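1. From the sequence below, what's the structure:
(one chain, ligands or ions: 1)
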Amino acid sequence: MANRVAAATDGKFEIRVFAAGEIVPGLQVLDAVQGGTVECGHSASYYYIGKDATFAFDTALPFGLNARQQNAWMYHGGGIELLRELFASYGIVQFPAGNTGVQMGGWFRKEINSVADLDGLKFRIGGFAGKVLTKLGVVPQQIASGEIYPALEKGIIDAAEWVGPYDDEKLGFHKIAQYYYPGWWEGVPQLSVYVNAVQWESLPRSYQAIFQAACAEANVDMVAKYDALNMPALRRLVAGGTQLKPYSKEILDACYAAANELYDETAAENANFKKVYEAWKPFRDTSPCGSALPKTPSTTSCWASRRRRPDAYWISIAWGATSIAGSSIWIEAGSTVVPWSSRPVTSSGQTITIATMMSCRPTQGTAPQ
Ligand code: CA
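-> Model prediction:
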């Protein structure tokens with residue numbers, strides 16, 4: 001993004017980039033921009049839910065949007081405008097500028113089958129999901145990236161989520177935890193650029209336009225890169241012995257209920273959250289999930305989500321797939337299809353059958369509603 005802005009202005013508009021910790025710690029970016037220590041910063045807004053839970057909408061909420069839905073909501077569904085009201089009270093103008101796509105659910109040293117298995121589990125997990133899981137007995141841990149591996153290896157924590165196959169493989173979690181689960185808590189981790197509002201107003205209009213375009217480019221480029229890199233990484237992990245598992249229906253039911261309970265509780269005590277939630281929730285519940293087919297799960301994500309119908313589970317597991325056209329989704333491990341789970345997804349009794357995840361192909365039937 002900094003390179004693009006410099007190139008588009010013949011080097012006249014220079015953005016100097018500093019890594020986390022060089023000027024301020026990584027989790028103090030918002031404070032640094034607000035206070036004018038830096039003019040601009042790049043961060044995930046859910047790191048600031050301690051200041052206001054509403055910041056989570058700028059990144060991701062459990063059972064929330066996927067990347068395509070997030071962009072639809074932000075750019076054309078009123079999302080940016082709503083969140084700008086929140087950021088304005090911190091003296092900041094924010095821009096979507098990056099997205100990891102859906103993240104995995106985590107690495108576990110023991111298989112997790114029931115809600116009882118979550119009780120007392122020490123789980124490194126970021127964002128709002130930790131609050132949801134607290135309701136189910138999990139002890140969430142906030143641990144920086146470089147410290148996750150030793151904590152998991154030494155048994156200080158029992159499980160850890162980070163990002164997805166590409167990033168997780170680099171950190172080596174597969175060497176010390178065997179079980180890997182698709183997630184439901186971070187369908188869309190969007191990253192944002194924060195600009196100090198006073199500094200923003202002082203920029204020439206042409207620089208503002210170039211800056212805004214560079215943010216939008218970064219927003220598209222990052223998720224494209226992850227979508228391209230995650231599938232080969234996942235293939236390597238599974239080929240190397242990683243056991244890919246789904247969360248059980250019991251766990252998803254409990255997590256979904258706990259998430260909604262938490263949202264209602266938060267809305268009752270936080271007017272900012274209530275205002276955004278009441279706009280965001282109907283958008284989530286009525287928008288297509290990102291594929292060419294209405295109400296079909298995203299095809300560029302690995303995403304387990306219980307939708308608004310109480311009897312309908314959508315398990316979308318499809319890194320590298322181009323479409324999911326049927327009521328059954330088969331996930332193949334190489335050329336061998338090994339179904340290990342089958343569950344009803346709609347009131348009409350259609351099923352999704354999942355085997356070890358490697359690729360996805362459509363089968364006959366109608367899409368889950
Ligand atoms: Ca994460």
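
2. Can you give the domain ranges for the protein?
-> Domain assignment for the chain by automatic domain parsing gives 2-101+187-238, 104-186+241-286, 297-366.

3. Within range of the ion, give me the residues from the stretch 101-250 of the chain.
-> Residues of the stretch 101-250 of the chain found near the ion (C-beta under 5 Å from the ion) are Gln103, Gly126. From N, CA and C alone the C-beta is placed, and that goes for glycine too.

4. mind listing the helices for the stretch 101-250 of the chain?
-> In the stretch 101-250 of the chain, the helices defined using DSSP state H, counting those that start in this stretch lie at 129-134, 145-153, 165-171, 197-202, 205-239, 249-269.

5. Quick check: which of these is buried the most?
-> Comparing those by mean neighbour count (mean count of other C-beta atoms under 10 Å), helix 129-134 comes out on top with a mean of 22.

6. so what secondary structure elements neighbour it?
-> In terms of contacts (3 or more C-beta pairs under 8 Å, 6 or more residues apart in numbering; DSSP states H and E), helix 129-134 is packed against strand 139-141, helix 249-269.

7. name the helices or strands packed onto the shortest one?
-> Packing contacts for strand 139-141, counted by 3+ C-beta pairs under 8 Å, 6+ apart, involve strand 122-124, helix 129-134.

8. if we can go back for a sec, which one of the helices of the stretch 101-250 of the chain lies closest to Val188?
-> Comparing the helices of the stretch 101-250 of the chain against Val188 with C-beta to C-beta, the closest turns out to be helix 205-239 (9.0 Å).

9. sorry, back to before: is it possible to get CSV of the helices of the stretch 101-250 of the chain that adds mean pLDDT?
-> Formatted as CSV, those follow (pLDDT from 0 to 100):
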stretch, mean pLDDT
helix 129-134, 93
helix 145-153, 92
helix 165-171, 94
helix 197-202, 97
helix 205-239, 91
helix 249-269, 90
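
10. right, and these - which one's nearest Val33?
-> Smallest distance to Val33 across the helices of the stretch 101-250 of the chain (C-beta to C-beta): 8.7 Å, for helix 197-202.

11. Residues contacting that closest one, please?
-> Gly36, Glu39, Cys40, Ala88, Gly91, Ile92, Val93, Gln208 (C-beta atoms under 8 Å, 6 or more residues apart in numbering).

12. got TSV for the residues you listed, with secondary structure too?
-> Shown next, in TSV, are the contacts of helix 197-202 (DSSP: H, G, I helix; E, B strand; the rest coil):
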residue	secondary structure
Gly36	coil
Glu39	coil
Cys40	strand
Ala88	helix
Gly91	coil
Ile92	strand
Val93	strand
Gln208	helix
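
13. Now render the residues you listed as a markdown table, adding distance to Ala2.
-> Shown next, in a markdown table, are the contacts of helix 197-202 (distance: C-beta to C-beta, whole Å):
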| residue | distance to Ala2 |
| --- | --- |
| Gly36 | 19 |
| Glu39 | 12 |
| Cys40 | 10 |
| Ala88 | 25 |
| Gly91 | 22 |
| Ile92 | 19 |
| Val93 | 18 |
| Gln208 | 16 |
